[in-house]
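Trainee: Provided below for reference: sequence and predicted model.
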Amino acid sequence: MKISVLAATLLASQSNLRPYSVRAFTVHRNVVAAATAASASRHCPSPRVVSSASTCKMSTTTAADAPTTAAGDAASASASAAATSSSNPLLENTSLPKFQSIQPSQLTPAMTSILAQLDSSFAALENSLSARLAEQDPSVSYDDVLPAMEKMQHPLGYAWSIASHLNGVKNTDDLRKEYEANQPKVVQAGMKFGQSKVLYDALSAVQRRWDVTNEGKGDGDDLDSAFAAAQQRRAVSNALRSMTLQGVGLPVGSPEQARFNEIKLRFAELSTAFSNNVLDATKAFGLTLEDPADVKDVPESALAMWADAHKRFLLQEAEKEGNEEKLEEVRGMEVDAAKGPWRVTLDGPSYIAAMQHIPNREVRKKIYLGYLTRASEFTAEAEEAKEGETEKATIGKNNVPIIEEILKLRKEMAGLLGFNNYAEMSLASKMAPDVASVTNLSNLILEKALPAAQKELAAATELARTTGGPEYSESNLPKLMPWDTSFWVERLKEKTFDLKEEELRPYFALDAVLKGMFELIERIFDVEVRDATGTVEVWHTDVRFFTLHDKSEEGKHIASFYLDPYSRPADKRGGAWMADCVGKSEALGFDVPVAYLTCNGSPPVGDKPSLMTFREVETLFHETGHGLQHMLTRATVGDVSGINGVEWDAVELPSQFMENWCYDKPTVYGFAKHYKTGEPLPEEMFEKLKQQKTFGAGMMACRQLLFGMMDMELHSNFDPNGEETIFDLQRRMAEIYTPYALPVEEDRFLCGFSHIFAGGYAAGYYSYKWAEVMSADAFGAFEEVGLDNENGVKEVGKRFRETVLALGGGVAPMDVFKRFRGREPSPEALLRHNGLA
């Protein structure tokens with residue numbers, strides 16, 4: 001999914017985070033951007049130095065080159081003061097995070113210090129700008145405002161983005177408490193910036209002067225100068241729009257402003273509670289299986305994963321009891337994947353394997369309903385009972401009332417700003433002009449996808465009837481239930497292609513996949529990726545670190561990224577996302593961006609390395625696509641560098657584009673080698689893999705259309721104070737987009753829909769399909785020159801890098817696409833790629 005500082009929190013306050021994967025939303029270093037932009041980071045979500053060994057370099061012109069005004073001096077003082085502390089690693093903001101030294105208890109002291117300094121510095125900046133504006137000083141410039149703010153806010157962005165990141169990948173009770181205690185303070189700081197009329201007036205003055213003079217346009221004959229000017233214009237335009245959406249136009253001290261700010265603070269609290277509830281409910285579920293018949297014909301990798309999970313569960317129980325004798329006994333237990341016991345959990349790899357492979361319908365039903373009822377009235381009572389009376393939260397573990405309150409508050413907030421509904425407010429900062437445009441695209445795809453989906457389900461049902469035994473007879477089971485569909489679709493795929501996913505996994509070892517993906521990046525973008533694991537501090541032993549080097553510039557180090565590849569259900573949120581650790585910024589002197597790439601793939605089991613499913617391979621490529629747009633940016637204005645400033649419904653273009661290469665023969669044979677023998681993937685298996693690409697495309701498309709239009713309906717036509725419930729709406733939309741698979745009565749999918757209730761996708765989930773039109777068309781440019789035409793591929797790859805990846809948010813996404821493709825995007829490639837043309 002979707003991330004930018006304040007994205008995780010400040011946007012949570014407006015509730016704008018990416019399909020199955022929650023690809024975060026980025027954290028802008030500039031708090032104005034983070035706190036005011038309606039479409040920060042994902043992915044989704046996105047929510048940013050350094051020794052040469054570690055990654056980022058401070059350029060020679062940075063904080064020392066702040067504006068010479070009093071405001072500029074104040075901004076520089078703020079940044080340097082916060083950076084001088086050596087006792088609290090959250091204050092050491094000129095280097096990569098010192099993860100091994102960071103403790104939850106350090107967050108409150110760091111935020112107290114940073115926010116006090118920021119408050120003082122911002123007051124000085126406002127006073128300086130106010131005086132100059134009152135005198136109608138024509139010299140108030142861009143550099144006096146956004147770069148000054150970026151420097152001033154950097155300490156806050158640095159510290160809070162680390163806290164937000166750790167809250168997702170190393171969630172503990174202590175960190176959760178510290179995070180929740182400080183979140184309101186960060187939101188209030190963001191509101192102060194976003195509603196500053198002085199800042200708004202100063203930016204408006206800059207924009208007006210640009211509009212009537214040639215200033216801010218750059219040298220028309222100098223592309224670099226023109227791009228630098230375009231970035232500044234986009235940054236100012238985005239900031240003005242974002243401040244409008246943050247309520248800068250509400251009268252100061254008015255009841256409307258007070259209510260607006262109250263709503264934003266409540267949003268932050270509600271979205272964090274929603275996310276925590278999903279994590280807690282996911283961790284709480286576990287089903288231990290002991291009967292071998294329940295796991296008959298289940299792949300060995302799944303059995304090994306579940307057997308290992310059972311041992312880990314016993315260890316956790318013994319630790320809770322403090323029973324050292326039992327602990328030693330469990331530690332000495334041999335894990336036998338063939339004999340069990342096996343423990344199925346709700347983290348991604350475990351849940352998907354269970355739904356696709358467990359033959360026992362009743363077991364599948366328990367697991368399915370366990371997943372679909374997370375954080376609902378069905379699970380809340382048990383979770384709340386675990387808390388002591390003194391620890392009970394003001395917001396319960398049931399996400400139904402949280403959703404209802406969020407929807408009411410979003411509608412009210414949109415009304416305060418003059419919008420008819422929240423969808424209108426959300427679309428004000430996106431490519432899609434209105435709800436009708438989103439609906440039209442969805443229905444265009446539905447027209448092709450729905451007949452295909454119905455045929456796919458009919459074929460799976462027929463297979464169940466003929467091979468599944470009496471329990472699948474029409475008299476006993478009029479139609480397949482939701483917990484049957486994945487199982488029989490997988491059997492149909494195996495029958496159709498004579499290929500099982502388990503046969504592919506030995507060819508997709510993580511290290512080999514990484515090597516092949518890096519070779520692709522070098523092949524099409526002329527960038528070398530080097531393993532630098534061990535040169536920087538990390539938050540878990542699983543985490544790897546890599547550096548990127550531009551071969552066209554003699555191997556110059558241009559970017560870096562952390563990779564956290566495996567599922568850790570005990571303390572890591574589900575899904576996959578990219579977020580930024582360090583963003584490119586001329587104002588801050590950071591010229592080597594650094595990204596976080598987070599996945600929840602299959603971990604190593606026993607003496608076997610991580611053997612990935614093909615979907616996990618695609619997810620890794622997807623998140624790397626987000627990372628490349630962040631890391632290969634040429635934009636140097638922090639608010640529009642990388643994915644910052646990119647409209648939400650365009651941000652998935654590079655990520656979905658990268659997935660296409662998972663079906664490119666040279667790319668696949670760069671990594672598809674048996675982890676034991678080194679033998680390449682057999683040719684016939686690759687051909688079947690390619691044929692599988694469009695298998696189930698109809699049902700998959702309909703599922704995504706349902707999510708996107710259900711989200712849009714909740715935020716446009718739904719009346720949260722009316723008689724229709726959110727689950728009534730879910731069923732109503734399913735009757736349109738998935739009429740062949742209506743939700744069961746217990747279905748509480750919305751209670752786990754973190755994308756729209758704890759992330760940045762509210763009235764924006766449609767972005768996946770909107771951007772997929774562009775990503776498919778973009779890959780079509782490579783197909784047109786011929787994927788076996790090496791020179792042609794390199795030439796198109798260079799153009800893709802110089803436009804889509806390099807320009808970031810510095811140029812409007814439609815203009816970026818037209819620079820790459822020479823025309824506007826067409827949906828034809830998407831339909832063709834999905835076999836729906």
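Mentor: The structure has been received and is ready for your questions. What you see is a predicted model, and the numbers here were worked out from it, not measured in a lab.

Trainee: Just to be sure, residue 796 is in a helix?
Mentor: Yes: with DSSP: H, G, I helix; E, B strand; the rest coil as the criterion, residue 796 is assigned to a helix.

Trainee: list the helices and strands the helix ranked longest in the chain packs on?
Mentor: Using DSSP state H, we find that the single longest helix of the chain is helix 435-467. Applying 3 or more Cβ pairs under 8 Å, 6 or more residues apart in numbering; DSSP states H and E, one finds that helix 435-467 contacts helix 422-427, helix 482-497, helix 697-714, helix 726-737, helix 767-785, helix 828-833. In this view, the C-beta of every residue, glycine as well, is placed from N, C-alpha and C.

Trainee: Reformat the ones you listed as CSV; add distance to residue 532 and mean neighbour count.
Mentor: What follows is the helices and strands packed on helix 435-467, written out as CSV (distance: least, Cβ to Cβ, whole Å; neighbours: other Cβ atoms under 10 Å):
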stretch, distance to residue 532, mean neighbour count
helix 422-427, 39, 25
helix 482-497, 39, 19
helix 697-714, 36, 23
helix 726-737, 45, 17
helix 767-785, 29, 23
helix 828-833, 35, 19
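
Trainee: Need these in TSV (columns: mean pLDDT and distance to residue 141).
Mentor: Below are the helices and strands packed on helix 435-467 laid out as TSV (pLDDT from 0 to 100; distance: least, Cβ to Cβ, whole Å):
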stretch	mean pLDDT	distance to residue 141
helix 422-427	98	31
helix 482-497	97	58
helix 697-714	97	41
helix 726-737	98	49
helix 767-785	96	35
helix 828-833	92	44
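
Trainee: Turn those helices into a markdown table, columns for distance to residue 236.
Mentor: Shown next, in a markdown table, are the helices and strands packed on helix 435-467 (distance: least, Cβ to Cβ, whole Å):
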| stretch | distance to residue 236 |
| --- | --- |
| helix 422-427 | 21 |
| helix 482-497 | 49 |
| helix 697-714 | 30 |
| helix 726-737 | 39 |
| helix 767-785 | 24 |
| helix 828-833 | 34 |
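
Trainee: how about those, which one is nearest residue 148?
Mentor: helix 422-427 (28.7 Å; Cβ to Cβ).

Trainee: Also compute the angle for the longest helix of the chain relative to helix 482-497, please.
Mentor: 70 degrees (axes from the mean of the first three to the mean of the last three Cα atoms, to 10 degrees).

Trainee: Tell me which residues of helix 435-467 come out buried.
Mentor: For helix 435-467, a neighbour-count test (16 or more other Cβ atoms under 10 Å) marks 435, 438-439, 441-442, 445-446, 448-450, 452-454, 456-457, 460-461, 463-464 as buried.

Trainee: what does stretch 611-623 give?
Mentor: When neighbours are counted by 16+ other Cβ under 10 Å, the buried residues of stretch 611-623 are found to be 611, 612, 613, 614, 616, 617, 618, 619, 620, 621, 622, 623.

Trainee: Nearest to residue 493 among these?
Mentor: Ranked by distance to residue 493 (Cβ to Cβ), the buried residues of stretch 611-623 are led by residue 614 at 11.3 Å.

Trainee: Next, work out how far apart the closest one and residue 339 are.
Mentor: 29 Å (Cβ to Cβ, to the nearest Å).

Trainee: And the helices and strands packed on helix 435-467: which comes nearest residue 508?
Mentor: When the helices and strands packed on helix 435-467 are compared for distance to residue 508 using Cβ to Cβ, the nearest one is helix 482-497, at 16.7 Å.

Trainee: continuing past the closest one, what's the next helix or strand?
Mentor: Helices and strands here follow DSSP states H and E; after helix 482-497, the next one along the chain is helix 501-504.

Trainee: for that following helix, packing partners?
Mentor: Packing partners of helix 501-504 (3+ Cβ pairs under 8 Å, 6+ apart): helix 683-691.

Trainee: okay, the angle between the helix it packs on and helix 482-497?
Mentor: For the pair helix 683-691 and helix 482-497, the angle between their directions (the same axes, to 10 degrees) equals 130 degrees.

Trainee: Near the spatially closest residue to residue 276 that is not a sequence neighbour, how many other residues are there?
Mentor: Distance criterion Cβ to Cβ, 6 or more residues apart in numbering; nearest residue to residue 276, sequence neighbours excluded, is residue 176 at 6.6 Å. If you count neighbours by other Cβ atoms under 10 Å, residue 176 ends up with 16.

Trainee: what ranges of the stretch 251-400 of the chain fall below the confidence cut-off?
Mentor: Applying pLDDT under 70 to the predicted model, the residue ranges of the stretch 251-400 of the chain that meet it are 382-394.

Trainee: need the helices for it, in chain order.
Mentor: Using DSSP state H, counting those that start in this stretch, the helices of the stretch 251-400 of the chain run over residues 255-284, 300-321, 324-331, 348-357, 361-372, 377-385, 399-416.

Trainee: Now render the buried residues of stretch 611-623 as TSV, adding pLDDT, distance to residue 351 and secondary structure.
Mentor: Supplementary listing: these in TSV, determined by pLDDT from 0 to 100; distance: Cβ to Cβ, whole Å; DSSP: H, G, I helix; E, B strand; the rest coil:
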residue	pLDDT	distance to residue 351	secondary structure
611	96	18	strand
612	96	16	coil
613	94	13	coil
614	95	17	helix
616	96	13	helix
617	97	18	helix
618	97	18	helix
619	97	15	helix
620	98	19	helix
621	98	22	helix
622	97	19	helix
623	98	20	helix
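
Trainee: Specify which member of those is nearest to residue 788.
Mentor: Of all the buried residues of stretch 611-623, residue 621 has the smallest distance to residue 788: 19.9 Å, by Cβ to Cβ.

Trainee: I figured that closest one was touching residue 659, is that so?
Mentor: Yes: counting by Cβ atoms under 8 Å, residue 621 does reach residue 659; the two are 5.3 Å apart.

Trainee: what do the two both touch?
Mentor: A shared contact of residue 621 and residue 659, defined by Cβ atoms under 8 Å, 6 or more residues apart in numbering, is any residue touching both; here there are none.

Trainee: hang on, the earlier thing: and the residue nearest to residue 276, how far is that from residue 562?
Mentor: Using Cβ to Cβ, which is the criterion applied here, residue 176 is 22 Å from residue 562.

Trainee: and what of residue 573?
Mentor: As it turns out, when the distance is counted by Cβ to Cβ, residue 573 lies 16 Å from residue 562.

Trainee: Among the two, which residue is more densely surrounded?
Mentor: Comparing residue 573 with residue 562 by neighbour count (other Cβ under 10 Å), the higher total belongs to residue 562, at 26 against 23.

Trainee: top strand in this structure by residue count?
Mentor: Of all the segments assigned as strand in the chain under DSSP state E, the longest by residue count is strand 556-566.

Trainee: by how many degrees do it and helix 348-357 diverge?
Mentor: 50 degrees.

Trainee: which element follows strand 556-566 toward the C-terminus?
Mentor: Past strand 556-566, further along toward the C-terminus, the next helix or strand under DSSP H and E is strand 577-582.

Trainee: Sheet-wise, list the partners of that following strand with their directions.
Mentor: Here the strand partners of strand 577-582, with direction, are listed using DSSP bridges: strand 594-601 (antiparallel).

Trainee: For the strand it pairs with, C-alpha coordinates in CSV please.
Mentor: Output for strand 594-601, consisting of C-alpha atoms alone and laid out as CSV, is shown next (Å, rounded to 0.1, in the frame of the first residue of the first chain):
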residue,chain,number,x,y,z
VAL,A,594,16.4,6.4,1.9
ALA,A,595,13.3,4.2,1.9
TYR,A,596,11.7,1.6,4.1
LEU,A,597,10.3,-1.4,2.2
THR,A,598,8.2,-3.6,4.4
CYS,A,599,6.6,-6.9,3.4
ASN,A,600,5.0,-9.8,5.3
GLY,A,601,6.3,-12.7,3.3
